[in-house]
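[1] What follows is a predicted protein model with its sequence.
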Amino acid sequence: MKSKISHFILILLSILMVSCNNSNQNSITENDCKTVKKLTGERKNLNISIFLDLSDRISPTFNPNPAMEYWKRDLGYINSISEAFEVHLRNKKTVLMGDNIKLFLHPLPENISDIDNIVRSLGKDFTRENATLENICSISNDYNQFSNLIYSKTLEQKEPMAKQGKDDYPGSDIFDFFKFKVKDYCIKENHRNILFILTDGYMYMSGFNNKNSDNKSNYVLSKELARWGFNSNNYQSKITNEGYDFQVPVTGLDSLEVFVIGLASKNSWELDVLNSYWSKWLKEMGVKNFQDENWSRYLKKADLPSEVDNLIQDFIHN
């Protein structure tokens with residue numbers, strides 16, 4: 001009889017241990033999240049948007065970077081942004097939660113049938129009702145998983161043509177994103193509104209390019225700068241004296257902050273041109289953090305993610 005009781009107890013203990021193990025596997029605990037950095041100061045409600053430029057800048061064929069391909073650098077930047085958002089939330093009292101993060105991209109990959117559901121799932125709104133540790137710690141995991149899918153499928157679709165010397169990338173319509181969507185989609189009242197743009201700085205969208213007689217355009221490319229007479233000796237005077245700049249599609253963005261990451265000019269002097277175009281453009285649209293001479297802190301080259309990480313963390317947390 002004693003042996004039967006002992007055998008029963010062993011079976012019961014085994015069941016309980018398996019049950020506990022399964023429970024631990026299906027839930028996120030404090031140990032599953034990275035040790036959280038302690039922040040000081042008031043935690044405002046954040047409304048973070050990320051825009052991905054999926055033009056040929058990410059092509060390993062047209063724009064190779066053997067040290068680390070540009071699309072892989074983007075994944076690192078996205079990871080830094082999503083992790084910084086997690087840290088922000090974990091330093092905030094649950095009753096004060098009212099924070100959001102979401103993703104925009106252009107052009108849309110044509111070979112992902114459920115792209116709308118993927119983008120929808122990356123639109124995460126946190127309130128006191130849903131700000132659990134499990135939900136917060138899933139942010140970077142979801143962004144890493146789905147952004148990798150988006151880039152991989154885009155390259156899968158476009159690179160076969162690129163390897164034949166044919167550019168099937170249509171560009172990325174950043175200009176119209178500001179013109180038609182930024183105010184409605186990226187700005188919320190009573191929030192700190194932040195828009196991260198991952199782009200090389202050149203702007204182009206096939207079939208939608210316009211340049212006025214006063215040299216204001218809605219696009220800029222290296223080959224167009226050459227066609228407009230830019231070179232390393234005269235680019236500063238052409239910008240200053242001939243008015244080369246982006247057209248201004250919208251104004252009144254004084255409640256929006258913008259951080260551009262990934263500038264990658266074809267040569268060194270063109271980086272100065274891109275900085276001039278973007279800084280003046282964002283200032284004229286009224287973007288909050290481009291109204292003084294510190295704008296260069298928010299226009300960053302396509303440096304390694306490890307180098308940009310602290311800049312992203314400090315920007316979000318301070």
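    Cool, got the structure.
[2] residue contacts, the spatially closest residue to residue 111 that is not a sequence neighbour?
    Using CB to CB, 6 or more residues apart in numbering and skipping residues adjacent in sequence, the residue nearest residue 111 is residue 157, 4.8 Å away. Heads up, the C-betas are built off the backbone N, CA and C, glycines and all. Going by CB atoms under 8 Å, 6 or more residues apart in numbering, residue 157 touches 109, 110, 111.
[3] Now do the contacts for the second one.
    For residue 110, the residues meeting the contact criterion (CB under 8 Å, 6+ apart) are residue 157.
[4] same thing but at 6 Å, please
    Taking CB atoms under 6 Å, 6 or more residues apart in numbering as the definition of contact, residue 110 has no neighbours.
[5] what secondary structure does it sit in?
    Put simply, residue 110 is coil when judged by DSSP: H, G, I helix; E, B strand; the rest coil.
[6] what's the pLDDT at it?
    Per-residue pLDDT puts residue 110 at 95.
[7] Against residue 87, how distant is it?
    35 Å (CB to CB, to the nearest Å).
[8] Now the closest residue to residue 89 other than its chain neighbours: which helix or strand?
    Spatial nearest neighbour of residue 89, excluding adjacent residues (CB to CB, 6+ apart): residue 136 at 4.9 Å. Taking DSSP states H and E as the criterion, residue 136 maps to helix 133-137.
[9] mind listing what's buried in that helix?
    Residues of helix 133-137 classed as buried: 136, 137 (neighbour count, 16 or more other CB atoms under 10 Å).
[10] before we move on, what about stretch 107-119?
    Residues of stretch 107-119 classed as buried by neighbour count (16+ other CB under 10 Å): 107, 109, 112, 115, 118, 119.
[11] tell me which residues form a beta bridge with the residue nearest to the spatial centre of the chain?
    With distances taken as CA atoms, centre = their mean, the residue of the chain nearest its centroid is residue 50 (3.6 Å). Note on residue 50: beta-bridge partners by DSSP bridges are residue 103, residue 196.
[12] where's it relative to residue 305, distance?
    Noted for residue 50: a distance of 14 Å to residue 305, by CB to CB.
[13] now do residue 135
    25 Å.
[14] Ok, residue 146 next?
    Remark: distance between residue 146 and residue 305 (CB to CB) = 18 Å.
[15] before we move on, what about residue 256?
    For residue 256, the distance to residue 305 (CB to CB) stands at 24 Å.
[16] Repeat that for residue 68.
    Counting by CB to CB - residue 68 and residue 305 are separated by 8 Å.
[17] So which of these two has more stuff around it?
    A direct count of neighbours by other CB atoms under 10 Å for residue 68 and residue 305 places residue 305 higher, at 19 against 15.
[18] Show me the strands in the stretch 201-318 of the chain, by range?
    Listed in chain order, the strands of the stretch 201-318 of the chain (DSSP state E, counting those that start in this stretch) span 204-205, 216-217, 245-246, 256-263, 299-301.
[19] so which of the ones you listed is the most packed in?
    Across these, the average number of neighbours (mean count of other CB atoms under 10 Å) peaks for strand 256-263, which reaches a mean of 23.
[20] strand partners of that strand, parallel vs antiparallel please.
    strand 192-198 (parallel), strand 299-301 (parallel).
[21] what would those look like in TSV with mean pLDDT?
    Listed next are the strands paired with strand 256-263 as TSV, based on pLDDT from 0 to 100:
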stretch	mean pLDDT
strand 192-198	98
strand 299-301	98
